[in-house]
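1. mind folding the following:
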Amino acid sequence: MWFGIYFFGTEHVTLDGGLVADNKIGIDLNYVDKMEVTNFEVVGYSELFKDYIDSIKKRHLCWEFEDTSPAIHGIRIHPNLMDYFHETGVVLSNITFDRLYESNGCPGSKAIVM
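-> Okay, here's the model as predicted:
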């Protein structure tokens, strides 16, 4: 429930097609070169998951802990590369974002953060 997909120290990878939902950070890309994410759907806080959490009376996705904010993020890109001179960083194309808005009770939520 923290990261949907997490890459660290990765290069020359393409994620083509998929869905991530109900994570504090849907896709987290840190220290990556020539990374492409295409044809993805990123859902912040789905109604189904929200209803489930409410029914079992557990802490919800936007719960504020000591070391985290209540915000949820679709994609987080860290502004660092392994090879600054010869590689591109991250390329995003055809990404659909849904339910990443503050009215879900998650202030500060955003589709893409750096």
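2. so which helix or strand takes in the residue most central in space within the chain?
-> Of all residues in the chain, the one closest to the mean position by CA atoms, centre = their mean is G26, 2.4 Å from it. Here G26 is covered by strand 25-43, with elements defined by DSSP states H and E.
3. what's that strand packed up against?
-> Strand 25-43 is packed against strand 3-21, strand 73-77, strand 90-98, with contacts defined by 3 or more CB pairs under 8 Å, 6 or more residues apart in numbering; DSSP states H and E. Any C-beta I mention is one placed from the backbone N, CA and C, and that applies to glycine too.
4. sheet-wise, list the partners of it with their directions.
-> Here strand 25-43 is paired, per DSSP bridges, with strand 3-21 (parallel), strand 73-77 (parallel), strand 90-98 (parallel).
5. what's the most buried one of those strands?
-> Neighbour counts (mean count of other CB atoms under 10 Å) averaged over each of the strands paired with strand 25-43 peak at strand 73-77, with a mean of 22.
6. on that earlier part again, could I have the CA atoms of the strand holding G26 written out in CSV?
-> Taking C-alpha atoms only, strand 25-43 is exported to CSV below (Å, rounded to 0.1, in the frame of the first residue of the first chain):
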residue,chain,number,x,y,z
ILE,A,25,2.8,6.7,-4.7
GLY,A,26,1.6,4.8,-7.8
ILE,A,27,4.9,4.8,-9.7
ASP,A,28,8.2,5.9,-8.1
LEU,A,29,11.1,6.4,-10.4
ASN,A,30,14.4,7.1,-8.6
TYR,A,31,17.9,7.3,-10.2
VAL,A,32,16.7,5.9,-13.6
ASP,A,33,18.0,6.4,-17.1
LYS,A,34,16.1,6.0,-20.4
MET,A,35,12.9,4.9,-18.6
GLU,A,36,9.6,5.0,-20.5
VAL,A,37,6.1,4.6,-19.1
THR,A,38,3.4,4.4,-21.7
ASN,A,39,-0.3,3.4,-21.9
PHE,A,40,-0.8,3.3,-18.1
GLU,A,41,-3.7,4.1,-15.9
VAL,A,42,-2.9,5.6,-12.4
VAL,A,43,-5.7,5.7,-9.9
